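S.K.: Fold the following.
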Amino acid sequence: QLQLVESGGGLVQPGGSMRLSCVASGFPFNFYAMGWFRQAPGKEREGVSCINSLAGTYYADFVEGRFTISRDNTKSTVYLQMNSLKDEDTAVYYCVANVECSDYTDTWISPDTSWGQGTQVTVSS
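M.R.: The predicted model follows:
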């Protein structure tokens, strides 16, 4: 059974850094594109970053070079390193598996995409 378990969320001050982790199990991780989405209160869910099976990476425009997605296939884990965090980055962040990475975040999700339970990231002073 496919399972995605996120960790690393919490409270951070503006300008700070945080690393999210997502441990995957139940599917051949090496062959799957993985990603991160987020949803802020009162807002729609939006794609943040995507990494394909060859470690090609894609980012939403609002990331502006502040975040880095990576994967460790030996640990079946995908990471999201977030630097220079802003108040508007406050959201629940979700790990996703079996996405379709491209330059257009609106096309990442398919009917076969699986979701983690989410981890809260709060940026506040």
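S.K.: Please name the nearest non-neighbouring residue to the spatially most central residue of the chain.
M.R.: Among the residues of the chain, the one closest to the centroid is residue 36, at 2.0 Å (Cα atoms, centre = their mean). Distance criterion Cβ to Cβ, 6 or more residues apart in numbering; nearest residue to residue 36, sequence neighbours excluded, is residue 48 at 4.4 Å. Every residue, glycine included, has its C-beta placed from N, CA and C.
S.K.: before we move on, the earlier item: what sits opposite the residue nearest to the centre of the chain in the beta ladder?
M.R.: Assessed by DSSP bridges, residue 36 has beta-bridge partners residue 49, residue 95.
S.K.: Give me the pLDDT value at it.
M.R.: Predicted confidence (pLDDT) for residue 36: 98.
S.K.: So it sits against residue 91, correct?
M.R.: No. Using Cβ atoms under 8 Å, residue 36 is not in contact with residue 91; the gap is 10.3 Å.
S.K.: Number of residues surrounding residue 14?
M.R.: 13 (other Cβ atoms under 10 Å).
S.K.: So it sits against residue 88, correct?
M.R.: No. Under the criterion of Cβ under 8 Å, residue 14 makes no contact with residue 88, lying 9.8 Å away.
S.K.: Please list all residues in contact with the residue nearest to residue 36.
M.R.: By Cβ atoms under 8 Å, 6 or more residues apart in numbering, the contact set of residue 48 is 35-38, 59-60, 63, 67, 80, 93.
S.K.: Please give me every residue in contact with residue 112.
M.R.: residue 98 are the contacts of residue 112 under Cβ under 8 Å, 6+ apart.
S.K.: From residue 90, how far off is residue 28?
M.R.: In this structure, residue 28 and residue 90 are 34 Å apart, going by Cβ to Cβ, to the nearest Å.
S.K.: Please identify which of the two sits among more neighbours.
M.R.: residue 90 (17 against 10).
S.K.: For the more buried one, report the pLDDT, please.
M.R.: Looking at residue 90, the pLDDT reads 98.
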